[in-house]
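Undergrad: Here's my sequence, what's the structure:
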Amino acid sequence: MDAQLQPTDEGRKAYLSHIAPFGVWMAIMTFLDVPQIPPAWRYAIQTVVCSLLLLALRPWRWYGRASVRHLPLAFAVGVGVFALWVGPELPWTKAHCPTLHAIYMRFCAVQPWFPAPALPKIWPFAPETCGWGLTLVKLFGTSVTIAACEELFWRGFVYRWMIGDKFWRVDLGLFQPLMFALVCLVFGLEHSQWLAGIGAGLAFGWVLLRTRDIAAAIVCHGVTNFLLGLYILATGDYHFW
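TA: Numbers count the residues shown, from 1 in each chain. Just a heads-up that it's a prediction; the model follows:
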């Protein structure tokens, strides 16, 4: 934290550095969702702009030094969330647990309160559609940029802001059950696979509470998204993207 900052300036910069990257990501996703801009190019714009914002705003300065000793836990939980995300939709689950698979696909694989989206005839992020360059940008954006933006926003900012006015001074390990549950719920509903999203929010939040290290939560989130991306590229199951 910059020692010369006055409290008002300190607060303004803390808010900006946590909110702006995720806010700009959502704004680009919303306002550039037009037929003239292919989804892969829109995602590349989101990734580049928000990566540069993170580098410019340096939100990590509001946190202590990241610890390598938290990486094993972050990796393990990230792998577990990946399994949670894809497991209910696997062909193995359909063959061996057909009822579970059917219920999940009906109510949890898409948000049931909205009409089921029509599957595209051409998957926009497949390399045969947009080229390997943009596909790899998509993989980087999901694994690094949005993982950092979401963790800094939802767990670095929103959760702690709900607990205390000067959120950047709230202990990362402080557990408030109601606030924790609300953030996990909203985070989950942000995703089409809403139930897996809630589970992911619980897991990423637990890692942050357990380690008091925002970098561990970001790594955990990034591992999940990276493995999901590799799974998509290996299987062609692009509906996850």
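
Undergrad: Return the distance of stretch 225-232 from the chain's centre.
TA: 13 Å (CA atoms, centre = their mean, to the nearest Å).

Undergrad: Please point out which parts of that stretch sit buried.
TA: Using 16 or more other CB atoms under 10 Å as the test for burial, stretch 225-232 gives N225, F226, L227, L228, G229, Y231, I232. To be clear about C-beta, it is placed using only N, CA and C from the backbone, and glycine gets the same treatment.

Undergrad: Contact partners for the third one?
TA: By that I understand L227. Residues near L227 by CB atoms under 8 Å, 6 or more residues apart in numbering: G78, V79, F82.

Undergrad: quick one: contacts for the spatially most central residue of the chain?
TA: The centroid of the chain falls nearest to A147 when counting by CA atoms, centre = their mean (4.3 Å). Contacts for A147 (CB under 8 Å, 6+ apart) come out as I218, H221, G222, N225.

Undergrad: closest to P88 among the residues you listed?
TA: Of all those, P88 sits closest to N225, with 17.8 Å by CB to CB.

Undergrad: check which helix or strand covers the closest one.
TA: Using DSSP states H and E, N225 sits in helix 214-235.

Undergrad: Let's see that helix as PDB, backbone CA atoms only.
TA: Provided in PDB are the C-alpha atoms of helix 214-235 (Å, rounded to 0.1, in the frame of the first residue of the first chain):
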ATOM      1  CA  ILE A 214      -5.900 -13.500  -2.700                       C
ATOM      2  CA  ALA A 215      -3.300 -15.000  -5.100                       C
ATOM      3  CA  ALA A 216      -4.200 -18.500  -3.900                       C
ATOM      4  CA  ALA A 217      -7.900 -17.800  -4.800                       C
ATOM      5  CA  ILE A 218      -6.900 -16.500  -8.200                       C
ATOM      6  CA  VAL A 219      -4.600 -19.500  -8.900                       C
ATOM      7  CA  CYS A 220      -7.400 -21.800  -7.800                       C
ATOM      8  CA  HIS A 221      -9.800 -20.200 -10.100                       C
ATOM      9  CA  GLY A 222      -7.300 -20.100 -12.900                       C
ATOM     10  CA  VAL A 223      -6.500 -23.800 -12.600                       C
ATOM     11  CA  THR A 224     -10.200 -24.700 -12.900                       C
ATOM     12  CA  ASN A 225     -10.600 -22.500 -16.000                       C
ATOM     13  CA  PHE A 226      -7.400 -23.700 -17.600                       C
ATOM     14  CA  LEU A 227      -8.300 -27.400 -17.100                       C
ATOM     15  CA  LEU A 228     -11.800 -26.700 -18.400                       C
ATOM     16  CA  GLY A 229     -10.200 -25.100 -21.500                       C
ATOM     17  CA  LEU A 230      -8.000 -28.000 -22.100                       C
ATOM     18  CA  TYR A 231     -10.900 -30.400 -21.700                       C
ATOM     19  CA  ILE A 232     -12.900 -28.300 -24.200                       C
ATOM     20  CA  LEU A 233     -10.100 -28.400 -26.800                       C
ATOM     21  CA  ALA A 234      -9.600 -32.100 -26.300                       C
ATOM     22  CA  THR A 235     -13.200 -33.100 -26.500                       C
END
